[in-house]
Structures are given as C-alpha cells and as structure tokens.
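Q: model the structure of this input:
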Amino acid sequence: MTDSAKFLEWFTTNGGEFSKDIVAIGENVDGMGRGLVAVADIKAQTSLFTIPRDIVLSTRTSSFKEKVGQDVYKQLENDNIGSWTPLIMAMCWEYNQGGSSKWDAYFKILPKQFTSLMFWSKEELSLLKGTTVVDKIGLEDIENEFERVRDIVKQNENVFGDIANYTLDLFKRMGSLILSRSFTVEEWKTEEEREKEEEEEEDEDEEIDLRTSVDDVAMVPMADILNSRTDSVNAHTEYEENCLRMISLQDIKAGDQIFNTYNDPPNADLIRRYGHVDYSPLSQDPDFMGNKNDVVELPADILLELALPDAKESHKERRVEFLLDECGEDSFELTHDDLVPELLKICVLLFTESEAEFKTREKSRKLPKASGFTKGKAEFLIKAIKQRMEQYGSTLEDDISKLDNKDSLPENNFKALVVTVGERRILNKAIEELQTTDYAQKKQRTK
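A: Here you go, the predicted model:
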C-alpha cells in the first residue's frame with residue numbers, strides 16, 4: 001500500500017469523507033508533485049471531501065500543550081503572539097512520536113525536502129541580488145530561535161524525549177510546512193458568540209493585536225494536497241461547525257487538476273514560501289512570460305538620498321518621519337497594474353520640496369497632492385528607478401537572453417532569473433510610463 005493509500009485510509013477511518021467516485025490523489029500531477037485530480041466530470045458546488053475539525057493539526061488539537069505543561073509551553077511562546085514556535089514544536093513532538101501519533105500517516109505524505117529559499121545555499125541566494133525577498137527569509141532568526149527552544153527541550157527531556165531527535169533540520173522542515181501549507185482555522189463560534197466578541201472588541205480601549213494567534217494556524221490534512229496556480233482556482237474551503245469542506249467552484253472536467261486559492265502571490269513570495277515560480281504569458285503583455293501579480297519595492301531612502309544628498313541627517317529624518325506619520329509607508333510597491341502609485345508621486349513631491357516649503361508643511365500636517373506631479377518630478381523619479389535597477393547587478397537585456405536559453409540553466413538559477421527579470425520589467429515599464437505621460441511642465445500656482 002502506498003503512503004497516499006495509507007493516508008486516505010487514515011483519513012476516512014478518522015471521520016473524513018472523500019468522494020472517491022469523482023476525485024483521486026495523484027502522485028505527480030502536471031509536474032507539481034502530489035495533487036488532487038477529477039476522475040469524473042464534477043458540477044459546480046459539489047462537495048469533494050470533508051475534514052473533521054479534530055484531525056486538523058494545531059496547538060488546539062495536539063496533546064502537546066497538555067503533555068509539556070503550561071509553564072514549559074509559556075516559555076515556548078516567549079510572549080510573542082504571532083510566533084509559530086509552539087506549533088513548530090508541537091509538530092516536532094508529534095513527528096517524533098512515530099506510530100503513536102494520531103497524525104503519523106499524515107506526516108508520511110508531507111514533503112521531507114524543500115526547494116524554498118530557506119534551503120538555498122549562500123551562492124544561490126546571491127542570484128536574487130537586488131530583490132528584497134532574501135531579507136524576508138529570516139534564517140538567522142530561525143537558527144537563534146531553535147537554539148532558544150533547544151535549551152528548553154534539554155531542560156525538559158522527560159517530557160520532550162531524546163534531545164537528539166530535535167534537530168535544526170526538523171525545526172526548519174516543520175516551519176517550512178507551516179509557511180507553505182498551513183491554513184487559518186479559527187475556533188468555531190455561534191453567531192451569538194461572534195456578535196458578543198465583536199461588541200467586546202469595539203469596547204476595548206487597548207490596541208488590538210492583528211497578528212494571527214498561533215492557535216488559529218493549522219495543518220489541514222487533505223486540503224493541503226491541492227496545488228495552486230495563478231488564475232486556475234476551481235475549489236475552495238468552507239468552514240463549518242464540525243468540519244472543513246472542500247467545494248468545487250465551477251464545473252470541472254475529468255482529468256483536470258483541482259486547484260485551491262492561495263491569493264495569487266508574486267513570484268518573490270512563491271519562491272520564498274513554496275520554492276517555485278509562475279512562468280506563463282502575462283495577461284498585461286502576452287509577449288512576455290512571468291507572473292502577472294509580480295511586485296517590486298522602491299524604498300523611500302533611494303528617493304531621499306537622490307533628493308537631499310547633502311542635507312543633514314536630522315533634516316532627512318524629519319522628512320521620513322513626516323511620511324510615516326501621515327501615510328505609514330516608507331517603501332512603495334510597483335505592479336503591472338499600478339506602475340507609478342499615487343503615494344509614490346506624493347513622496348517625490350515631499351522629498352523634493354525646499355526646506356522652507358517643508359517647514360510650512362510640517363505646521364499644516366498635510367501631504368502634497370499628487371496632481372502637482374510635474375514633468376520635472378517624473379524625470380527625477382526616472383533617475384531613482386534607474387538607481388533601483390542598478391541594485392540587481394546585471395542588465396535586464398542580458399538576463400532576458402539567459403531566460404531565452406532556460407533549458408541550459410540550473411533550476412534555481414532559472415527561478416532566480418524569473419524573479420529578478422519580472423521585477424525589472426515592472427521598473428522598466430514604470431520608466432516608459434513616466435516618459436510617455438504628458439505631465440505639466442511645472443506646478444501651476446493656485447490663486
């Protein structure tokens with residue numbers, strides 16, 4: 001019996017419902033690994049499978065918290081509501097239980113090797129020079145957190161078991177599984193309970209922490225088998241009192257893969273979380289391949305240094321503080337559909353004001369109006385974008401030619417090029433828009 005067959009047997013034995021007459025688990029579907037495939041034509045709004053809430057793996061359903069005790073569990077939390085550490089350690093503990101764990105059959109079908117950025121070498125990560133995604137991996141933070149919790153394990157081997165079973169590799173694997181496959185599964189509440197909770201939140205004076213509680217982060221067996229692909233979603237998860245239900249969103253033909261939605265992220269996020277990229281014709285420009293949801297960040301400090309190269313640091317800090325106070329952003333996202341965001345224009349106007357103009361603005365506490373963005377400001381922004389493009393360390397033309405011969409590239413080199421070329425295409429298109437838009441020659445005086 002294959003691991004998938006054993007998993008399906010475990011799933012149904014534990015109360016899961018699986019419509020095997022219309023769907024099946026495929027081992028290597030469309031080159032995407034394990035996935036769910038229609039074996040018969042499926043009508044829209046058909047239930048594909050249901051998952052009992054008690055086989056969802058979370059800090060609520062695992063007996064880990066009860067086993068280690070409240071004091072040790074609080075040490076793992078480390079006063080960080082958004083931290084995944086308690087769930088990572090619960091999964092490590094369940095994994096180390098082997099056949100004694102309720103989720104043993106589930107663990108056996110989960111990936112043991114990953115291609116996400118956490119597992120890239122330093123040399124491979126250098127291929128992503130110019131992007132901001134490498135800074136978001138947090139590998140050093142992960143290693144520091146592992147050392148912290150390993151000390152807790154060492155002091156409590158009587159409940160954790162042999163410390164040798166708690167390795168950095170296992171810690172990273174479980175963290176990667178959460179990053180790439182977890183769902184937000186809140187505790188079920190009746191309509192009356194939800195209304196009462198909303199009223200209490202409205203009455204609460206303290207700032208509400210918007211980060212998802214680790215108790216609401218969960219691994220969902222069967223649901224996480226579904227792959228995702230941009231613009232291909234044909235099923236979604238519905239949350240019910242006693243189960244989670246996967247429902248078809250449209251008619252699906254026999255042989256088609258069933259896709260869930262994961263919000264269609266840009267390639268930089270796809271490669272960080274899942275280790276793959278989307279490389280398909282762009283709806284905005286079918287002559288090019290990539291991800292239509294790509295995003296590139298333009299940090300405000302590039303604009304600031306270009307606008308005020310000789311200004312005192314205190315003067316620069318005042319501009320940045322004003323920007324943050326009034327709009328809460330110090331970096332701007334450019335996309336295929338919004339190449340020159342209004343807020344970016346406002347930032348350019350703010351940073352290029354004279355000191356006297358800025359002092360007046362500090363008193364009024366009003367941001368400039370984007371309508372004052374002139375041809376001269378557009379030329380300034382073009383210079384800033386060109387500086388941003390230089391951070392990639394190679395030319396767009398050279399890297400596009402490398403992609404034209406992608407079959408000769410190592411896999412991670414190809415993925416890195418898809419990310420960096422995708423971002424620079426957006427920057428290039430932003431320059432073209434700034435060059436071709438008929439901005440006013442100079443700001444018109446208002447009477």
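
Q: let me see the ranges of the strands in the stretch 51-200 of the chain.
A: For the stretch 51-200 of the chain, applying DSSP state E, counting those that start in this stretch gives strands covering 183-184.

Q: tell me if I'm right that Ile426 and Glu333 touch.
A: No: taking C-beta atoms under 8 Å as the contact criterion, Ile426 and Glu333 are not neighbours in contact, 9.6 Å apart. Using the backbone N, CA and C atoms, a C-beta is placed for each residue, glycine as well.

Q: with neighbour numbers in mind, choose between the two.
A: Comparing Ile426 with Glu333 by neighbour count (other C-beta atoms under 10 Å), the higher total belongs to Ile426, at 24 against 15.

Q: mind checking the SS state of the closest residue to that one other than its chain neighbours?
A: With C-beta to C-beta, 6 or more residues apart in numbering as the criterion, Ile426 has its nearest non-adjacent residue at 4.8 Å, and that residue is Val296. Classification of Val296 by DSSP: H, G, I helix; E, B strand; the rest coil places it in strand.

Q: report the beta-bridge partner residues of Val296.
A: According to DSSP bridges, the residues that bridge with Val296 are Leu334.

Q: per-residue confidence for it?
A: We have a pLDDT of 98 for Val296.

Q: swap in Glu198?
A: In the predicted model, Glu198 carries a pLDDT score of 65.

Q: and if you look at Ile178?
A: pLDDT, Ile178: 96.

Q: which residues sit in contact with the nearest residue to it once chain neighbours are set aside?
A: Using C-beta to C-beta, 6+ apart and skipping the chain neighbours, the partner closest in space to Ile178 is Trp84 (5.5 Å). Contact criterion C-beta atoms under 8 Å, 6 or more residues apart in numbering gives 175, 178, 214, 217 as the residues in contact with Trp84.

Q: let me know the closest of those to Val72.
A: Taking C-beta to C-beta as the measure, Val72 lies nearest Val214 of these, at 15.2 Å.

Q: that closest one and Ile178, how far apart?
A: From Val214 across to Ile178, the span is 10 Å (C-beta to C-beta, to the nearest Å).

Q: picking up where we left off before, okay, the contacts of Trp84 in JSON lines with distance to Glu379 and neighbour count next?
A: Listed next are the contacts of Trp84 as JSON lines, based on distance: C-beta to C-beta, whole Å; neighbours: other C-beta atoms under 10 Å:
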{"residue": "Gly175", "distance to Glu379": "46", "neighbour count": "21"}
{"residue": "Ile178", "distance to Glu379": "46", "neighbour count": "18"}
{"residue": "Val214", "distance to Glu379": "49", "neighbour count": "23"}
{"residue": "Val217", "distance to Glu379": "47", "neighbour count": "18"}
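
Q: and those, which two are furthest apart?
A: Gly175 and Val214 (12.2 Å).

Q: give me the element the residue nearest the centre of the chain is part of.
A: A centroid search over the chain (C-alpha atoms, centre = their mean) returns Asp269, at 5.0 Å, as the residue closest to the centre. Secondary structure here is read from DSSP states H and E; on that basis Asp269 sits in helix 267-273.

Q: name the residues that touch that helix?
A: The set of residues that contact helix 267-273 without belonging to it, under C-beta under 8 Å, 6+ apart, is 116-117, 131-133, 136-137, 179-180, 265, 276-278, 290-291, 294-295, 415-416, 418-419, 422-423.

Q: ditto for stretch 20-40
A: For stretch 20-40, contacts defined as C-beta under 8 Å, 6+ apart pick out 2, 4, 7-8, 42, 46, 48-49, 109, 111, 225-227, 229, 252-258.

Q: what are the buried residues along that stretch?
A: Neighbour counts using 16 or more other C-beta atoms under 10 Å place 22-26, 29, 34-38 of stretch 20-40 among the buried residues.

Q: between these, which is closest to Thr184?
A: Closest to Thr184, out of all of the buried residues of stretch 20-40 and judged by C-beta to C-beta, is Leu36, at 20.6 Å.

Q: that closest one - that's part of a helix, no?
A: No: when classified by three-state DSSP, Leu36 is found to be strand rather than part of a helix.

Q: what secondary structure does the residue lying closest to it once chain neighbours are set aside sit in?
A: In space, Leu36 comes closest to Ile258 once its chain neighbours are excluded; the distance is 4.4 Å by C-beta to C-beta, 6+ apart. For Ile258, the assignment made with three-state DSSP gives strand.

Q: okay, now Ile258: neighbour count?
A: Neighbour count of Ile258, defined by other C-beta under 10 Å: 25.

Q: just the pLDDT for it.
A: Model confidence at Ile258, expressed as pLDDT, equals 97.

Q: was I right to think Pro299 contacts Asp330?
A: Yes: between Pro299 and Asp330 there is a contact at 7.0 Å, judged by C-beta under 8 Å.

Q: which of the contacts of Trp84 scores worst on pLDDT?
A: Scanning those for pLDDT, the smallest score is found at Val214, 90.

Q: Asp251: what's it in contact with?
A: Contacts of Asp251 were listed using C-beta under 8 Å, 6+ apart, and they are 41-44.

Q: out of those, who has the most neighbours?
A: Tallying neighbours with other C-beta under 10 Å puts Ile42 at the head of the contacts of Asp251, with 22 neighbours.

Q: that one contacts Leu249, correct?
A: No: shown here, Ile42 and Leu249 do not form a contact pair, counting by C-beta under 8 Å, at 10.4 Å.

Q: which residues are in contact with each of those two?
A: Counting by C-beta under 8 Å, 6+ apart, nothing touches both Ile42 and Leu249.

Q: which other helices and strands contact the helix or strand hosting Arg361?
A: Taking DSSP H and E as the definition, one finds Arg361 inside helix 355-364. Identification of packing neighbours for helix 355-364 by 3 or more C-beta pairs under 8 Å, 6 or more residues apart in numbering; DSSP states H and E yields helix 313-327.

Q: off-centre distance for the helix it packs on?
A: Its chain's C-alpha centre and that of helix 313-327 lie 28 Å apart, by C-alpha atoms, centre = their mean, to the nearest Å.
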